[in-house]
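**Q** Mind looking at a prediction? Sequence and model below.
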Amino acid sequence: MPSPIDQDPFKAWKFLVLPTLKVSDVFSLFLKATIAICTVVSISLVFYSFLNPSQRLPCPECNKILISDHRKIINGEVSGYSYEKTNISHILFGIGGSAKTWNKRRHYTEVWWMPNITRGYVWLDQNPPGNDTWPLTSPPYKVSADTSRFKYTCSYGSRSALRIARIVKESFELGLENVRWLVMGDDDTVFFIENLVTVLAKYDHNQMYYIGGNSESVEQDAIHSYTMAYGGGGFAISYPLAKELVRVLDGCLDRYASFYGSDQKVQGCISEIGVPLTKELGFHQVIFLLFPK
């Protein structure tokens, strides 16, 4: 006759296992395993700290050495490293102007220009009149190269758009050192320097960036699909993007011969490189309409 265990296999399992396991035994086993794991981790951390001295808290003398090395890296004194935060010396301004109108319009630029601090040039269509002394309060000037070889087919525009579009290229080709950003503007664009530096410092200047703002005119924005930075409000191009733009700009200008303005031509060329506009609300153009009394 079969035993009760043979008739019910589940009873056999209970018979073999359950009597040997008590709640107190399970808790004791769990506690011992936890203590063992904590012990192994603690011993591992001790050995790691001895094998990696840099992880230990340094003595006062060692701390001075580490601080000194850190300052050297921050100031760019260690070869191959440059952690200096973007400041005004890293920005090169390119201002589009005209020899005939500069004396009337220069006051817009002189509001924000700081001689011997800000870097850049006003790019003129020709040398200023010989009798005029260039004002020390204005940025130094350079004369743009001849653009007669380029096509311009916009019936309602001006060929000066070609010259102003090439300010990016001509500024870059000056080969000035320590330039991170090229900032373009018109002769009536007013920059707030501290704000500009704060904005540009947010971005990695080693990457390709095209930073600016749209127009306050919805109609204009719709025409350009909200992808263009308007020159009236100024726009910034990082050095790596400027390097690539300079390589293709002249050929690109002929492809966009029908475009009206310099900012539109620059945007078209940058879009071919594949860099979109990074919008910053601080770059904006405001038109003042003065009505006679």
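**A** On my side now, so go ahead. As the structure is a computational prediction, the values presented were derived from the model and not from experiment.
**Q** now the helices for the protein?
**A** 4-7, 9-17, 23-51, 60-74, 102-110, 160-165, 167-172, 193-200, 218-223, 239-255, 262-273 (DSSP state H).
**Q** Counting by contacts, list what the fifth one packs against.
**A** Counting by 3 or more Cβ pairs under 8 Å, 6 or more residues apart in numbering; DSSP states H and E, the packing neighbours recorded for helix 102-110 are strand 119-124. Where C-beta positions appear, they are placed from N, C-alpha and C, glycine not excepted.
**Q** same thing but at 10 Å, please
**A** strand 91-96, strand 119-124, strand 181-186 (3 or more Cβ pairs under 10 Å, 6 or more residues apart in numbering; DSSP states H and E).
**Q** Adding mean pLDDT, mean neighbour count and distance to Tyr210, write those out as JSON lines.
**A** Formatted as JSON lines, the helices and strands packed on helix 102-110 follow (pLDDT from 0 to 100; neighbours: other Cβ atoms under 10 Å; distance: least, Cβ to Cβ, whole Å):
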{"stretch": "strand 91-96", "mean pLDDT": "98", "mean neighbour count": "24", "distance to Tyr210": "15"}
{"stretch": "strand 119-124", "mean pLDDT": "98", "mean neighbour count": "22", "distance to Tyr210": "18"}
{"stretch": "strand 181-186", "mean pLDDT": "97", "mean neighbour count": "24", "distance to Tyr210": "11"}
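**Q** and Trp102, which of those strands is closest to it?
**A** Nearest to Trp102, of all the helices and strands packed on helix 102-110, is strand 119-124, at 6.9 Å by Cβ to Cβ.
**Q** Adding distance to Ala229, write the helices and strands packed on helix 102-110 out as TSV.
**A** Formatted as TSV, the helices and strands packed on helix 102-110 follow (distance: least, Cβ to Cβ, whole Å):
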stretch	distance to Ala229
strand 91-96	14
strand 119-124	18
strand 181-186	9
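**Q** Could you point out which of the ones you listed sits nearest Arg149?
**A** Comparing those by Cβ to Cβ, strand 119-124 comes nearest, at 17.8 Å.
**Q** Indicate each strand paired with that closest one and its parallel or antiparallel sense.
**A** With DSSP bridges as the test, strand 119-124 is paired with strand 91-96 (parallel), strand 141-143 (parallel).
**Q** For Asp250, find the nearest of those strands.
**A** So among these, strand 91-96 is nearest, using Cβ to Cβ, at 16.4 Å.
**Q** now that closest one against helix 239-255, angle please.
**A** Here strand 91-96 runs at an angle of 20 degrees relative to helix 239-255 (axes from the mean of the first three to the mean of the last three Cα atoms, to 10 degrees).
**Q** can you dump the C-alpha coordinates of strand 91-96 into CSV?
**A** Output of strand 91-96 as CSV, limited to C-alpha atoms (Å, rounded to 0.1, in the frame of the first residue of the first chain):
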residue,chain,number,x,y,z
ILE,A,91,35.1,88.6,-29.9
LEU,A,92,36.0,90.2,-33.3
PHE,A,93,33.4,92.8,-34.6
GLY,A,94,32.8,93.4,-38.2
ILE,A,95,30.7,96.5,-38.8
GLY,A,96,29.3,97.4,-42.2
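**Q** Comparing the helices of the chain by mean pLDDT, which bottoms out?
**A** The minimum mean pLDDT among these belongs to helix 60-74 (a mean of 39).
**Q** just checking, Gly147 touches Arg163?
**A** Check again: residue 147 is Thr, not Gly. Yes. Shown here, Thr147 and Arg163 form a contact pair, counting by Cβ atoms under 10 Å, at 5.0 Å.
**Q** Give the residues shared as contacts by those two.
**A** Asp125 (Cβ atoms under 10 Å, 6 or more residues apart in numbering).
**Q** Looking at the two, which one has more neighbours?
**A** Set Thr147 next to Arg163 and count neighbours by other Cβ atoms under 10 Å: Arg163 wins out with 22 against 18.
**Q** Right, I'll leave it there.
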